[in-house]
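[1] using only what follows, build the 3D model:
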Amino acid sequence: MSYCSATDVRAIANISTTTMSDSAINSIIALAVPKINKEINGIVREEDVDYIDDVRENKIDGSNKTFYTRKSFIWFLGDYNNDGSVTTGDVLVYEYTTDDVKSQLTVSAVDETGKITLATAPAATSDVTMTYAYAPVSEYTPDPLLKIACAQLVTAMAFSKINATDWSRISLGKLTVARPRMDRPFYEYKQQYDETLHLLKSRIQQRRNYDKSGMMDVITERLK
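    This is a model prediction of the structure:
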């Protein structure tokens, strides 16, 4: 699963399967996802796991396997490894034992709220850290706005590739003159992508405002 599909791209652009195959479009999607993530996602590296509030206690007691990121409930858990989906591979959890030995723990489940479930509980005497991405909209079940942005960017990139080999030719005897056609579709869809990206970035400021105030109201609402 990715933010958008070849079908989504064809829905907004006149790109036939003859002009570009689904596999070629999927290759462009794989290149577009990291760019989108770079624009809207934040990264947290080696965040200390400790008490946040009464909902997110993050107990390290030798039996608890459920932990929350500090960005949980306010932000969405994001696509850390840039594959276009949010899975257990997008959270890196490390355990530091009392003798400073670092080992990576297996994540068995995640959800978009930032709730992380481990396969085994860390020891009560250990320190635990988490590395992850956070997003202003859902990437777990891609937000409609995110899907649109993905399709627009991929379409622009696709037309850039298509028109790169689309030349007008004039032959005068033995002389052949070739010039590239104007790449208008690229600029049109790139502008549409920039406009959608602006809307996505407006969600970032909203989340930042939640971080500063109203945190418990948001947590209560998300738990309903």
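[2] for this protein, longest strand please?
    strand 127-135 (DSSP state E).
[3] mean confidence score for that one?
    In this model, strand 127-135 carries a mean pLDDT of 98.
[4] now stretch 38-46
    For stretch 38-46, mean pLDDT rounds to 97.
[5] next one: stretch 204-213
    81.
[6] from now on call the first residue 218
    I'll keep to 218 as the first residue from here, and by that count the last item is stretch 421-430.
[7] and that stretch, how far from the chain's centre?
    19 Å (Cα atoms, centre = their mean, to the nearest Å).
[8] if we can go back for a sec, counting by contacts, list what the longest strand of the chain packs against.
    Counting contacts by 3 or more Cβ pairs under 8 Å, 6 or more residues apart in numbering; DSSP states H and E, strand 344-352 packs against strand 259-265, strand 293-294, strand 309-313. C-beta here means a position set from N, CA and C on the backbone, and glycine is covered the same way.
[9] sheet-wise, list the partners of that strand with their directions.
    strand 259-265 (antiparallel), strand 293-294 (antiparallel), strand 309-313 (antiparallel) (DSSP bridges).
[10] can you give me how far the longest one is from the chain middle?
    I take that to be strand 259-265. Remark: strand 259-265 is offset 15 Å from the chain centroid, using Cα atoms, centre = their mean.
[11] what's the following helix or strand after the longest strand of the chain?
    Following strand 344-352 in sequence order, the next helix or strand is helix 361-380 (DSSP states H and E).
[12] contacts for that following helix next, please.
    Helix 361-380 has contacts (Cβ atoms under 8 Å, 6 or more residues apart in numbering) with 219-221, 225-226, 228-230, 232, 236-237, 241-242, 245-246, 248-250, 252-253, 354-356, 359, 397-398, 400, 402-407, 409-410, 413-414, 416-417.
[13] list buried members of the residues you listed by neighbour count.
    Among the contacts of helix 361-380, those buried by neighbour count (16 or more other Cβ atoms under 10 Å) are 219-221, 225-226, 230, 232, 237, 241-242, 245-246, 249-250, 253, 354-356, 359, 400, 402-403, 406-407, 409-410, 413-414, 417.
[14] among those, which are in helices?
    Among those, the ones falling in helices (DSSP state H) are 225-226, 241-242, 245-246, 249-250, 253, 402-403, 406-407, 409-410, 413-414, 417.
[15] that'll do, ta.
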